[in-house]
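Trainee: using only what follows, build the 3D model:
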Amino acid sequence: QLALLAGALKTAGPMELLKLLSAFEFHPTEASGLSLVRALNVATSSTALRPEVLKPLLDKYPVSVQEESRPLLLRLNQGAAQQVSRLDTLLTGLSGGDRDRGRRVFESSKTVCSTCHQVGYLGGRVGPDLTRIGSIRTERDLLEAIVFPSASFVRSYEPMVVRTRDGEDYAGVLRQESADTVVVVSGPTAEQRLAMANITDLRPGTHSCR
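Mentor: So this is what the prediction gives:
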């Protein structure tokens, strides 16, 4: 069963991947461990894994599995280190702020931030409301959301991919989900209402909708 599950890891979205990994905690054999590591090496969402989350799981497995996992952990560590380094460099260059300039950037037709995000009474409602974002997120959190928008997602605003029976994919945020219908929103005027009976797959996306 774990060998079959390992195959599913290759195409799982980032949220699915973390949930599926928990199944590998309860049967740490060499065979299941090697299947896990080899699947993660080619998984499309492996870059979403944090080394500090994966390593404790792999430590439960035999030495042969841990040896096999070293290149994977090294790659994940390097990716995380590069993001941290990039954020550190950018943070050192920040000094104060210009509220009026920020408002102009937010509302400009080039950045189109306001088409999906709301500040006060202005803007869209596809993404999270940013009116009081500075009081609940640190400067580093906000910078990461801008520079690496797919590193993490706000709960209830996770990107989803819906596939229909005719092979069409619709990516966006789930605005509504019922027993009969799913509503996917990818922009202020881009809304798809899909019949549940016509859906063959509904899974988390790997990239921010912005």
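Trainee: what is the burial count for the residue nearest to T164 when sequence neighbours are not counted?
Mentor: Nearest residue to T164, sequence neighbours excluded (Cβ to Cβ, 6 or more residues apart in numbering): N198, at 5.1 Å. Every residue, glycine included, has its C-beta placed from N, CA and C. Neighbours of N198 under the rule other Cβ atoms under 10 Å: 13.
Trainee: N198 and A171: what is the separation?
Mentor: Going from N198 to A171 by Cβ to Cβ, to the nearest Å gives 16 Å.
Trainee: and E52, by the same measure?
Mentor: On the measure of Cβ to Cβ, E52 and A171 end up 29 Å apart.
Trainee: looking at the two, which is more packed in?
Mentor: Neighbours of E52 and A171, each counted by other Cβ under 10 Å, are more numerous for A171; the result is 15 against 10.
Trainee: which of the helices or strands spans the more buried one?
Mentor: Using DSSP states H and E, A171 falls within strand 169-177.
Trainee: how about the CA coordinates for that strand, as CSV?
Mentor: Written as CSV, here are the backbone C-alpha positions of strand 169-177 (Å, rounded to 0.1, in the frame of the first residue of the first chain):
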residue,chain,number,x,y,z
ASP,A,169,-8.3,22.4,-16.1
TYR,A,170,-9.5,25.4,-14.1
ALA,A,171,-7.1,26.9,-11.6
GLY,A,172,-8.1,29.4,-8.9
VAL,A,173,-9.6,29.8,-5.4
LEU,A,174,-12.7,27.8,-4.4
ARG,A,175,-15.4,30.3,-3.6
GLN,A,176,-18.1,27.8,-3.1
GLU,A,177,-18.3,24.0,-2.9
